[in-house]
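# what follows is a predicted protein model with its sequence.
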Amino acid sequence: MTTPYINHFRPIYELRAAAFWLAAIVLLPLSGMPYSWVFGLVALAFLAVRSFQIWRALKFRMAISTKWLTTLPIPRLLQIQQRMKEEANSMYLGIGFEWTQKHCQIAHDILRMPTTDIPGLPKWLNRTKTGRKIEEAIESVFAPKDSVRDRMPQGASWIHGLEPKKALVPFHYKSMGGHTAVGGTTGSGKTRTYEVISTQVIHLGDVLINVDPKNDKDWKLRAEREAARTGRKFLYFNQAKPSESVRLEPLDSWSQPSEIPSRIAQLMEEGPFRDFAYLFISRSVNGELYIGDKPNLRSILKYAQSGIATLLEKALRRFFAENRLTDWEQQVATETTRQGQRNNAATLVDGMIALYNARFASQERGHEAIDGLIATHTHDREHYMRIIASALPLLQMLATGETGLMLAPKVDDFDDEREVWTIEKVIRQKAILHIGLDSLSNSIVAKAIASTLLADVSAVCGSIYNFYETPPDVVLIIDEVAEAINEQVIQILNKGRGAGFKAFVAFQTRADLEAKLGNAAKMLQVLGNLNNQIILRLEDTDTAQWFSDKVGETAIRNITITGSTSTGTEAHIGEFTGGVSRSLQLEKAPLIPTRLIHSLPNLQYFMRISGAAVYQGRIPILQG
């Protein structure tokens, strides 16, 4: 059902009526009319009505012609959050209003007008110093609460002014479990949005994990400051600033050993070389686990580069001991002497393999981890190096230098006082983890680190889903998700809700996701799992159209005015006939046209909650 059509851009005829009633109030006492005071009171009542109508019209016109920014001190934000949490179990997301057919109607009326026809203060006020002071005084009267004028405005100011009655925009915690897409071009206000969300999450007591490929300083400082206010642990990881960073072990959490090689292989391009690299890495990981070692990036790189002979020897020694073969060394030495070979390390391993095959493998009494190591050891060395070469550059980036010390900490390095954390430990201790990545100067390494760490988040998510009776509340914010998207992130979006995860993923265009994932079907799979959308200004028409289609259509009213005049040949020269007709027609239109999405000022957004309302709002600038 549509609202009645109102022409908000007609001249303010009420000004004439107000002037008349004001004159009546002044003149009636001077007229000598009996009971003039009664007529004066009537005139005063009509003046009050007309004044209110004038005020409402001026307020609407000032709202659509002036750009404002909202400022909000942290104590005030926390008061608002507490009230909204208690009253509606929701998060605060700025001030705004529910976007309905009424606002769509006004927007379409404005879009059909030349921009010079949008009413506001007279243009001549800006031409003189006195005029500018008058303009500022008028604006201050109509200024929203906790707002300052935007001195460097972008976008169309009238979008946020279409509803004079603003309210607090709620984002219900129940809806957040469906995960949220945050879309916006560079400089549109995504970082400020993250600050508002992060601040409330930290004070609410939930676990917060931020992944910031651009390493935005303001976002990091905001999270650190709020963590200090609440007395919670703040952890900062940045491979470009090792002295300020904690150390993380991304291969620490897993349910099955196959997850470890999968996380490394998924960083490589699809193809047979990735499959072979997965196979060889899986064999070395199984071997390490068999002998009781803890696989990490450094050990995997070591065995990939230099071969697994030493690992195989340790595994066979353990296997022989477990199977009570106490004289294996004597049997191997006798066999090598009989064959006239020198008793070096390579010959020792070959002799151990021969003994293992003869006494155990041939009788199906072997061990699958050792079988895999033997298959790798006996594989053609030249062919093995060609296959593993595709994984070596990646492992070199992650497991060497300062990055290697941060992602694969040495357990015996007692001089390194930086804390060692895992994602599971972060969640268990309800800490705040801010991952800053140096994607601007070292994008390849940054993408690999982000993908590896998010794979660990996915593993912990799966573990919580499977084994926790009461899952913790975890908020995961990923900026520029195209830099870090992988299969594990898709799994978080698919199944994270059951593990208590609430994800916010940001992107600038849908094309970024499609390019990273390789096809449109994968992109749609990701977007299909983001049930809520917060869309700031977009430059990409395809992404804006996607959101406009999500919101849907409505009916707007279009007035058509036609006029005609005519005269007959037999009529007097001054005689003519004429007519004017007005018709009101309904037509379908997008509830949010793409032009509005392209024209949003900084910090303003449209938000669609899955299965619920559509809002237009403005993100505040936090102070303190």
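Sure thing, it's come through. Residues are numbered from 1 along each chain as shown.

# helix or strand right after the longest helix seen in the chain?
Secondary structure of the chain read by DSSP state H shows that its longest helix is helix 36-65. Per DSSP states H and E, the first helix or strand lying C-terminal to helix 36-65 is strand 68-73.

# tell me the mean pLDDT over that next one?
Across strand 68-73, pLDDT averages out at 85.

# just the buried residues of it, please?
For strand 68-73, the neighbour count (16 or more other Cβ atoms under 10 Å) marks 68, 69, 70, 72 as buried. For every residue, glycine as well, the C-beta is placed using N, CA and C.

# residue ranges with poor pLDDT in this structure?
1-11, 61-66, 114-132, 134-144, 146-147, 150-153, 338-346, 559-584 (pLDDT under 70).

# at 50 what do you get?
1-2 (pLDDT under 50).

# that one - how does it break down into domains?
Domain ranges of the chain: 14-162, 178-246+419-530, 259-399, 556-589, per automatic domain parsing.

# of all those domains, which lies closest to residue 621?
domain 14-162 (5.2 Å; Cβ to Cβ).

# which residues touch residue 454?
By Cβ atoms under 8 Å, 6 or more residues apart in numbering, the contact set of residue 454 is 211, 478, 484, 486, 488, 489, 492.

# if we go to 10 Å?
With contacts defined as Cβ atoms under 10 Å, 6 or more residues apart in numbering, residue 454 is in contact with 209, 211, 250, 263, 423, 435, 476, 478, 481, 484-486, 488-489, 491-492.

# just to revisit the earlier point, the longest helix of the chain packs against which elements?
Secondary structure elements in contact with helix 36-65, counted by 3 or more Cβ pairs under 10 Å, 6 or more residues apart in numbering; DSSP states H and E, are helix 14-31, helix 101-111, helix 129-142.

# now do 8 Å
Applying 3 or more Cβ pairs under 8 Å, 6 or more residues apart in numbering; DSSP states H and E, one finds that helix 36-65 contacts helix 14-31, helix 129-142.

# chain center to it: distance?
Using Cα atoms, centre = their mean, to the nearest Å, the distance from the centre of helix 36-65 to the centre of the chain it belongs to is 46 Å.

# please renumber the chain so that the first residue is 723 from this point on.
Got it, the first residue is 723 from now on, which makes the last one we talked about helix 758-787.

# tilt between that helix and helix 823-833?
If you take axes from the mean of the first three to the mean of the last three Cα atoms, to 10 degrees, helix 758-787 sits at 70 degrees to helix 823-833.

# helix 758-787 versus helix 736-753: what angle between them?
Angle of helix 758-787 versus helix 736-753, following the same axes, to 10 degrees, is 160 degrees.

# how about the helices in the stretch 1173-1322 of the chain?
Secondary structure of the stretch 1173-1322 of the chain (DSSP state H, counting those that start in this stretch): helices at 1209-1217, 1232-1239, 1242-1250, 1263-1273, 1316-1320.

# now do the buried residues in the first one.
Applying a neighbour-count criterion of 16+ other Cβ under 10 Å, one finds 1210, 1211, 1212, 1213, 1214, 1215 buried in helix 1209-1217.

# what of the last one?
Within helix 1316-1320, the residues that qualify as buried by neighbour count (16+ other Cβ under 10 Å) are 1316, 1318, 1319, 1320.

# tabulate these in JSON lines, adding columns for distance to residue 999.
As requested, the buried residues of helix 1316-1320 are exported to JSON lines (distance: Cβ to Cβ, whole Å):
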{"residue": "1316", "distance to residue 999": "44"}
{"residue": "1318", "distance to residue 999": "48"}
{"residue": "1319", "distance to residue 999": "43"}
{"residue": "1320", "distance to residue 999": "44"}
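
# nearest to residue 1018 among those residues?
Nearest member of the buried residues of helix 1316-1320 to residue 1018, counting by Cβ to Cβ, is residue 1319, at 45.7 Å.

# now the closest one: how far from residue 905?
Counting by Cβ to Cβ, to the nearest Å, the separation of residue 1319 from residue 905 is 9 Å.

# can you list residues touching both of the two?
Common contact partners of residue 1319 and residue 905 (Cβ under 8 Å, 6+ apart): 1257, 1260, 1269.

# I'd assumed residue 1257 was in contact with the last one.
Yes - using Cβ atoms under 8 Å, residue 1269 is in contact with residue 1257, at 5.0 Å.

# more neighbours, those two?
Each of residue 1269 and residue 1257 has its neighbours counted (other Cβ atoms under 10 Å); residue 1257 has more, 24 against 21.

# can you pull the contacts of the more buried one?
Contacts here follow Cβ under 8 Å, 6+ apart; on that basis residue 1257 touches 903, 904, 905, 906, 1266, 1269, 1319, 1327, 1328, 1329, 1330.

# now with 6 Å, please.
Taking Cβ atoms under 6 Å, 6 or more residues apart in numbering, we find residue 1257 in contact with 905, 1269, 1327, 1328.

# is the third one in a helix, a strand, or coil?
Which is residue 1327. Under the three-state scheme (DSSP: H, G, I helix; E, B strand; the rest coil), residue 1327 adopts strand.

# does it have beta-bridge partners, and which?
Applying DSSP bridges to residue 1327 gives these bridge partners: residue 1339.

# that one: neighbour count?
For residue 1327, the neighbour count with other Cβ under 10 Å is 28.

# surely it and residue 1260 touch.
No - contact criterion Cβ atoms under 6 Å: residue 1327 and residue 1260 do not qualify, at 10.4 Å.

# separation between residue 876 and residue 1259?
Here residue 876 is placed at a distance of 8 Å from residue 1259 (Cβ to Cβ).

# tell me which of the two has more neighbours.
residue 1259 (25 against 16).

# run through the neighbouring helices and strands of the helix or strand where residue 1157 lies.
According to DSSP H and E, residue 1157 maps onto strand 1154-1158. Using 3 or more Cβ pairs under 6 Å, 6 or more residues apart in numbering; DSSP states H and E, the elements in contact with strand 1154-1158 are strand 929-934, helix 939-952, strand 956-959.

# coming back round to it: which of the domains of the chain sits most buried?
domain 900-968+1141-1252 (a mean of 20; mean count of other Cβ atoms under 10 Å).

# and it, end to end?
6 Å (Cα to Cα, to the nearest Å).

# before we move on, what about stretch 1308-1321?
Termini of stretch 1308-1321 sit 25 Å apart (Cα to Cα).

# cool, thanks, talk later.
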